[in-house]
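Q: what follows is a predicted structure for the sequence shown.
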Amino acid sequence: MKYEEVPTFQPRLKVLNREQALAIHQAALEILQNVGVRMEHKAVLEMLVGAGCQVSNQNWVTMPAILVEEALGSAPKEFDLYDQRGNKTIPLADGNYFYGTGSDTTFTLDLETGERRRSILKDAANFAKLVDGLENIDFAMSMCNPADAPIEDIYVHAFAEMVKNTNKPIIFIADSGRDITKIYQIACLVAGGEKELEQKPFILNYSEAISPLRFPENVMEKLIFCAKKKIPICLPSGSNAGGGAPVTLAGAMALGLAENLVGLVVHQLAGKGSPFLLGPNVSTLDMKSTIVSYGCPEWSLTQAALADMRDELYGLPIWAYAGSSDAKIMDAQAGAESMFSIITAMLSRTNIIHDVGFLEYGNTSSLEMVTMANELVAMSRFFTEGIPVNEGTLALEAIERVVSGEPGSIFLMDDHTFEHFMKAQFLPVLLDRSRYDSWKGAGATDLYQRCNTEAKRILAEHKVEPKTDTVLKGINEILKGGI
Amino acid sequence: MSEFRALSEAIIKGDVKMAIAETQTALDEGNKVQDILDNGLITAMNEVGDNFSKGLIFVPQMLRSAKVMQECTRMLEPFFQEGDVTSKGKVLIGTVKGDLHDIGKNLVSMMLEGAGFTITDLGVDVPPEKFVEKIREIQPDILALSALLSTTMPAMPLTIEALQKAGLRDKVKIMIGGAPVTEKYCQEIKADAYGSDAGAAVAKAKILLGID
């Protein structure tokens, strides 16, 4: 008989149903209606009053639920990010997932010495180039907070390094309305103009308000800027459980979502229909060290729950994290924590997944970690794609050939294996499956050493399609104007 | 062991009712206020600090103990007499100009208070001149500066500069801390100590003031 293609499951992790999602959403609305937020941007405050919010104590704002519902209604449910050549590489719809690096680490693991040292601009360049050369890393962030850039324009310089070293989409940080303008100028140069950038955005801004419920002036400047220019933005607040937010995850999510929804309301009032990502970043504050954990199961769990809230209620693309660790070196802990967050972020279908490559709770960045994550993402993707069931994969003919064939017939020799093995199996590159003697003969390396070698190889061999001289000249002028 | 063992135990456990009752008993029995403070309250907090350093307890447990200790101290305050040494030292603390983050700073305040220091907290986004003004007013032993953002960190050297101009730099020890701050940065801007976390801040404060 003939076997038609049978649709099979692609494993999907669920945390909340509609009723549970609504309970958290209702709590978020109640926070906005009853507790309120501190809004420190005057014009935004006036705008919110004009829209129906109440103000007390100068800048304390309570927000009616209807405003939130309106903003949820006007924000786009789907939008796309493009690479710097204008190709749509990040279609943010449904459960599409994309991995990328993070920003603002103070230290970087030196590729040559392995030493943890202060990050510099060259590191931002290296990370961008590595991202450009890695198949499963879809976007770049600066990774570093470079010590050798002028502090007032630190984010402009980091952005310039990224633009020079990758053509993938860039998620960027800015300090206020001042430096975001310069970054925008550079982005326009690359895209070929304001209109071109608006049509095919390759940038997304990541900003943070302050938990609990505080919206500083400089952060609102960036939000308004992005809303008006239609630059996609994500605005979490650091509502980590036990630190910025209550220690219990439901409450931390409600608070984080309340903060996100304020951002969304302001954003949609300033630029109706502009693209916005939801994502409250609910990690935990470690109860011994007081660091915000980048390897905890809580963050993975809350973002999986957020994916369900997206599907049940919000519809907006969401922001997530994965591929990082609290370990200080790339050891077994770093591998375990990385994989835990990478595969769960994928299984729960979060959309933009950042912070790949962090060590030391986001304080140190590692090129080796990003290189490892590239392979862990591939491994997770293989799992998540499930088991295709059709004529070819059921392989009845091959079974018959081998069983009833000449003595000595084996599957390994059969054409079916040759034709299918590349897709039918996950073929690791850095995860070592060699036999003991070959492993020993090849230097008895561990995964960290192999990732180090691979990162060095990519940095030495990978060619990034360069920007034109006009663009490079323009960037230099913008940078000079800022110093 | 101290005669205030039950009081110490109550503080270590974070049992506010028991601790208040024990403090009252200690007062009723006619003990010296200084003795209750030193051998009941501070002894307990030292033990809590040790337990925390050894990883035996968690931050919320330590903070609960600190809170209970404060309640007890408040009961003793009306009985303090001039000349009583009630504080390990005066600390003026704040998050520097441009920075609105205060979780780390609040944690440091709480821990220092638990260790017997007196805290004056100027809050967040504190401009250098406000620090200068307050130092003139209360003459603290230590100025503690916090910053979470690398972009606001430069307000630390600016604050130190303002102290220099005001002729106050030698009058106070300066401690700094916050996510982007490092030991090296501390040396660069000529601060006196860097605390990598709240526990370290207490240890450094004690070293700065020569307290063992």
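A: Great, that's in hand.

Q: can you name the residues that contact residue 98?
A: All of this is about chain A. A:90, A:138-139, A:351-353 (C-beta atoms under 8 Å, 6 or more residues apart in numbering or on different chains). For the C-beta atoms, the positions are set from N, CA and C on the backbone; glycine is no exception.

Q: not quite, go with chain B.
A: Contacts of B:Gly98 (C-beta under 8 Å, 6+ apart): B:125, B:149, B:151-152, B:155.

Q: so the residue of chain B found nearest chain A versus B:Ala115, what's the distance?
A: Closest contact between chain B and chain A, by C-beta to the nearest C-beta, is at B:Phe58 (4.0 Å). According to C-beta to C-beta, to the nearest Å, B:Phe58 stands 18 Å off from B:Ala115.

Q: for residue 76, which non-adjacent residue is spatially closest?
A: Reading this off chain A. A:Pro275 (5.4 Å; C-beta to C-beta, 6 or more residues apart in numbering or on different chains).

Q: oops, chain B please
A: For B:Leu76, the closest residue by C-beta to C-beta, 6+ apart turns out to be B:Val33, at 5.1 Å.

Q: would you mind listing what in chain A touches chain B?
A: A:104, A:106, A:118, A:145, A:151-152, A:154, A:175, A:210, A:214, A:216, A:242-244, A:247, A:287-290, A:363 (C-beta under 8 Å from any C-beta of the partner chain).

Q: before we move on, back to that, which one among the contacts of B:Gly98 gets closest to A:Pro280?
A: Nearest to A:Pro280 among those: B:Leu149, at 19.9 Å, using C-beta to C-beta.

Q: just the buried ones among the residues of chain A next to chain B, please.
A: The neighbour-count test (16 or more other C-beta atoms under 10 Å in any protein chain shown) marks A:104, A:106, A:118, A:145, A:154, A:175, A:210, A:214, A:216, A:242-244, A:289-290, A:363 as buried among these.

Q: so which of those residues sit within helices?
A: Those of these mapping onto helices are A:Ile154, per DSSP state H.

Q: pLDDT weak spots in the chain?
A: Picked chain A for this. Where chain A drops to pLDDT under 70, the residues are A:1, A:482-483.

Q: try chain B instead
A: B:1-2, B:84-86, B:212.

Q: other residues contacting the helix or strand containing A:Val163?
A: Using DSSP states H and E, A:Val163 falls within helix A:154-165. Helix A:154-165 is contacted from outside by A:84, A:103, A:121, A:124-126, A:128-129, A:132, A:140-142, A:144-146, A:149-150, A:170, A:172-175, A:179, A:182-183, A:186-187, A:190, A:464, A:466-467, A:471-472, A:475, A:478-479, A:482, B:150-151, using C-beta under 8 Å, 6+ apart.

Q: same thing but 6 Å
A: Contacts to helix A:154-165, defined as C-beta atoms under 6 Å, 6 or more residues apart in numbering or on different chains, come from residues A:121, A:124-125, A:128-129, A:140, A:142, A:149, A:170, A:172-174, A:179, A:182-183, A:190, A:464, A:475, A:479, A:482.

Q: got a ChimeraX select line for the buried ones in those?
A: Buried residues within these, by 16+ other C-beta under 10 Å, are selected in ChimeraX with:
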select /A:121,124,125,128,129,140,142,149,170,172,173,174,179,182,183,190,464,475,479
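
Q: now intersect the contacts of helix A:154-165 with the strands, please.
A: A:170, A:172 (DSSP state E).

Q: can you tell me how far the closest residue to chain B within the stretch 151-300 of chain A is from B:Val108?
A: Here the residue of the stretch 151-300 of chain A nearest chain B is A:Met287; by C-beta to the nearest C-beta that distance is 4.0 Å. Here the criterion is C-beta to C-beta. By it, A:Met287 lies 17 Å from B:Val108.

Q: ok so, going back, which residues are in contact with the residue nearest to A:Pro76?
A: A:76, A:79, A:232.

Q: residue at max distance from the center of chain B?
A: Farthest-out residue of chain B from its mean C-alpha position, per C-alpha atoms, centre = their mean: B:Glu29, at 29.9 Å.

Q: for the nearest residue to B:Pro127 once chain neighbours are set aside, give me the backbone phi and psi.
A: Spatial nearest neighbour of B:Pro127, chain neighbours left out: B:Lys97 (4.7 Å); criterion: C-beta to C-beta, 6+ apart. For B:Lys97, the backbone dihedrals are phi -50, psi 130 (criterion: degrees, to the nearest 10).

Q: how many neighbours does B:Lys97 have?
A: Neighbour count for B:Lys97, taken as other C-beta atoms under 10 Å in any protein chain shown: 20.

Q: and B:Ile138, by the same measure?
A: If we define neighbours as other C-beta under 10 Å, then B:Ile138 has 11 of them.

Q: from the chain's centroid, how far away is stretch A:87-97?
A: Per C-alpha atoms, centre = their mean, to the nearest Å, the displacement of stretch A:87-97 from the mean C-alpha position of its chain is 12 Å.

Q: for that stretch, which positions count as buried?
A: Those would be A:89-90, A:92, A:95, A:97, for stretch A:87-97 by 16+ other C-beta under 10 Å.

Q: please apply the same query to stretch A:459-477.
A: A:459, A:464, A:467, A:471, A:474-475.

Q: check stretch B:29-49 too.
A: B:31, B:33-34, B:36-45, B:48-49.

Q: ditto for stretch B:81-99
A: Going by 16+ other C-beta under 10 Å, stretch B:81-99 has these buried residues: B:86, B:88-99.

Q: could I get the full set of helices for chain B?
A: Going by DSSP H, chain B shows helices at B:5-13, B:16-28, B:33-35, B:43-53, B:59-76, B:103-114, B:128-138, B:155-165, B:183-188, B:198-208.

Q: deepest-packed of those, please.
A: helix B:103-114 (a mean of 23; mean count of other C-beta atoms under 10 Å in any protein chain shown).

Q: so what's the nearest residue to B:Met111 once chain neighbours are set aside up against?
A: Nearest residue to B:Met111, sequence neighbours excluded (C-beta to C-beta, 6+ apart): B:Ala198, at 4.4 Å. Counting by C-beta under 6 Å, 6+ apart, B:Ala198 touches B:107-108, B:111.

Q: how near is B:Ala198 to B:Pro60?
A: Plainly put, B:Ala198 is 13 Å away from B:Pro60 if you go by C-beta to C-beta.

Q: name the surrounding residues that touch stretch B:199-210.
A: So stretch B:199-210 is contacted by B:89, B:108, B:111-112, B:115, B:141-142, B:173, B:175, B:177, B:192-193, B:195 (C-beta under 6 Å, 6+ apart).

Q: among these, which lie within strands?
A: B:142, B:173, B:175, B:177, B:193.
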